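1. generate coordinates for the sequence data below:
(chains A, B, C and D)
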Protein chains: 2
Amino acid sequence: MSVATVPRNRRAERYEATRREILDAAWELVRANGLDSLAMRDLGARVGMRAQSLYVYFASKDAIFDAMFGESNRELLRRLTALGAVADPAEGVRRNARTFLDFCIEDPVRYQLLFQRTIPNFEPSREAYAPALRILDNARAALSACGITDARAFDAWTAVTGGLAAQQNANEPGGDRWVRLTDDIVDMYLAYYRPVTGGETT
Amino acid sequence: MSVATVPRNRRAERYEATRREILDAAWELVRANGLDSLAMRDLGARVGMRAQSLYVYFASKDAIFDAMFGESNRELLRRLTALGAVADPAEGVRRNARTFLDFCIEDPVRYQLLFQRTIPNFEPSREAYAPALRILDNARAALSACGITDARAFDAWTAVTGGLAAQQNANEPGGDRWVRLTDDIVDMYLAYYRPVTGGETT
DNA sequence: GTCTATATTTGGATAGAC
DNA sequence: GTCTATCCAAATATAGAC
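-> Numbering: from 1, shown residues only, chains lettered A, B, ... in the order given. Predicted coordinates for the structure are as follows:
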């Protein structure tokens, strides 16, 4: 249990801190002006640099979006895995849905970046995208605990939960007109797709 | 029953025909290259004009998008009203959903224009948007015939149908992995939201 | 009604000095 | 690692001749 096995590297630390600062500024700007109008000039100004200096920290504008995409995905995955186990599998599904939807509506711009893919030419890297797969696995596991394992049923799940988020952000960002229906929608879904034998057994 | 009460105006007809030509070319271009990369230069070239000459027919690029938005909305409304009456109200709901979803997936770019609102700064005019309200009324009427009149239930309806379209176009444009679930989703929805007394009575 | 010419804006990115 | 100086490209839109 050594206290400091890894020698600190002040240069690298400073570099990382600056990257972090740039990303934070980027989030502020896109929340204020929209995803598509993030400009390197503005971003530089926000952190007290010229646009050109940003290229020391990020290879391109898309690399900045990619970092934002990646950290958002990791955050959602973190929240979902933090939920832990519950006795009632239906409650597990409900919590999964609520967590997902809270995440989607608390920052519409982040939602747009992750799920709408509206930035011209931007394609997330495999690394940034990876957590999304585990997020889906997480939902699949929650449904599986309810005895729902069918692939079509899972597609129906992504459609109904995604639909709530989409309607909310498109028609009433910041409100709760659609997301407050989450529990109803989960009830409706489980009533239809849960096998009558019920249950989490194999 | 006069045959030609309105005198033809060859000049105006030519003008309208050219506008139509420009819009058709715009549709071709956005389907090929994406909504956001529609450029006046390219559009001009497509119809054999310089970009500048397009301004004789449309005041701005947004005016072109607005015309596209309007005609798409009118087309969807036309299809929905053409459905007419059915004996079984549940079948009416199903047809409404199928018609809507077919429309959404047959042209993902049109879907994006109407429902994703991803073009920077573009806001449809009131006139172009108007049919959307009647499209919603149409769905409300179909559900109402099933005894579903609650506002929350209607929001749930737009979420589940919209969710199918969104998932399909986002994850598998051109495919049917999600839209083929339409009838299941309608069954699920009606099973949950239809009052047990059932029925189309007043 | 179409053209040429041009204004204007915007924004990503590189080279090289310090 | 930050700067100045540029480059380059793309696009919308206007003015005015023909």
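2. residue numbers of chain A in contact with DNA strand D?
-> A:R11, A:R14, A:Y15, A:T18, A:G44, A:G48, A:M49, A:R50, A:Q52, A:S53, A:V56, A:Y57 (Cβ under 7 Å from any atom of the strand). Every residue, glycine included, has its C-beta placed from N, CA and C.
3. got a PyMOL select line for the buried ones in those?
-> Selection of buried members from those for PyMOL, criterion 16 or more other Cβ atoms under 10 Å in any protein chain shown:
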select buried, chain A and resi 18+44+49+57
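4. in strands, which of the residues of chain A next to DNA strand D appear?
-> In strands, defined here by DSSP state E, there are no members of those.
5. as a markdown table, the residues of chain A next to DNA strand D with pLDDT and distance to A:T161 would be great.
-> Shown next, in a markdown table, are the residues of chain A next to DNA strand D (pLDDT from 0 to 100; distance: Cβ to Cβ, whole Å):
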| residue | pLDDT | distance to A:T161 |
| --- | --- | --- |
| A:R11 | 89 | 45 |
| A:R14 | 95 | 42 |
| A:Y15 | 97 | 39 |
| A:T18 | 97 | 37 |
| A:G44 | 96 | 38 |
| A:G48 | 97 | 41 |
| A:M49 | 96 | 40 |
| A:R50 | 96 | 43 |
| A:Q52 | 96 | 43 |
| A:S53 | 96 | 42 |
| A:V56 | 96 | 41 |
| A:Y57 | 97 | 36 |
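6. what is the nearest of the residues of chain A next to DNA strand D to chain B?
-> The closest of the residues of chain A next to DNA strand D to chain B turns out to be A:G44 (Cβ to the nearest Cβ; 21.0 Å).
7. identify the residue nearest that closest one in space, chain neighbours excluded?
-> Distance criterion Cβ to Cβ, 6 or more residues apart in numbering or on different chains; nearest residue to A:G44, sequence neighbours excluded, is A:A51 at 4.1 Å.
8. what do you get for A:A165?
-> A:C104 (3.9 Å).
9. my guess is the one you found contacts A:Q116, does it?
-> No. The criterion here is Cβ atoms under 8 Å, and A:C104 misses it with A:Q116 at 10.7 Å.
10. who has more neighbours, the two?
-> The neighbour comparison of A:C104 against A:Q116 (other Cβ atoms under 10 Å in any protein chain shown) goes to A:C104, with 23 against 20.
11. for chain A, give the residue positioned nearest to chain B.
-> Residue nearest to chain B within chain A: A:G163 (2.1 Å; Cβ to the nearest Cβ).
12. which residues touch that residue?
-> A:G163 sits next to B:T158, B:A159, B:V160, B:T161, B:G162, B:G163, B:L164, B:A166 when contact means Cβ atoms under 8 Å, 6 or more residues apart in numbering or on different chains.
13. tell me which of those fall in helices.
-> B:T158, B:A159, B:V160, B:T161, B:G162, B:G163, B:L164, B:A166 (DSSP state H).
14. could those go into JSON lines alongside distance to A:N73 and pLDDT?
-> Listed next are those as JSON lines, based on distance: Cβ to Cβ, whole Å; pLDDT from 0 to 100:
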{"residue": "B:T158", "distance to A:N73": "27", "pLDDT": "98"}
{"residue": "B:A159", "distance to A:N73": "23", "pLDDT": "99"}
{"residue": "B:V160", "distance to A:N73": "25", "pLDDT": "98"}
{"residue": "B:T161", "distance to A:N73": "27", "pLDDT": "98"}
{"residue": "B:G162", "distance to A:N73": "23", "pLDDT": "98"}
{"residue": "B:G163", "distance to A:N73": "20", "pLDDT": "98"}
{"residue": "B:L164", "distance to A:N73": "24", "pLDDT": "98"}
{"residue": "B:A166", "distance to A:N73": "19", "pLDDT": "98"}
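15. going by distance to DNA strand D, which of those residues wins?
-> B:A166 (26.6 Å; Cβ to the nearest atom of the strand).
16. the closest one against A:L164, yeah?
-> No. B:A166 is beyond contact range of A:L164, at 10.7 Å (criterion: Cβ under 8 Å).
17. picking up where we left off before, closest one of the ones in helices among the contacts of A:G163 to A:Y193?
-> B:V160 (13.0 Å; Cβ to Cβ).
18. how deep is the closest one tucked in, by neighbour count?
-> B:V160, neighbours per other Cβ under 10 Å, totals 25.
19. show residues contacting stretch A:20-40.
-> A:42-43, A:46-47, A:51, A:54, A:57-58, A:61, A:64-65, A:67-68, A:71, A:107, A:109, A:112-113, A:118-120, B:120.
20. contact partners of stretch A:179-193?
-> With Cβ under 8 Å, 6+ apart, stretch A:179-193 has contacts from A:90, A:93-94, A:97-98, A:101-102, A:105, A:143, A:146, A:148, A:150, A:153, A:156-157, A:160-161, A:164-165, A:168, B:152, B:155-156, B:159-160, B:184, B:187-189, B:191-193.
21. show the buried residues in the residues you listed.
-> For the contacts of stretch A:179-193, a burial check counting by 16+ other Cβ under 10 Å picks out A:90, A:93-94, A:97-98, A:101, A:105, A:143, A:146, A:148, A:153, A:156-157, A:160-161, A:164-165, A:168, B:155-156, B:159-160, B:188-189, B:192-193.
22. tell me which entries of these lie within helices.
-> Reading helices off those with DSSP H, I get A:90, A:93-94, A:97-98, A:101, A:105, A:143, A:153, A:156-157, A:160-161, A:164-165, A:168, B:155-156, B:159-160, B:188-189, B:192-193.
23. can you list the residues of chain A near chain B?
-> Counting by Cβ under 8 Å from any Cβ of the partner chain, the residues of chain A close to chain B are A:34, A:36-37, A:115-118, A:120, A:152, A:155-156, A:158-164, A:166-167, A:170, A:177-178, A:181, A:184-185, A:187-189, A:191-193.
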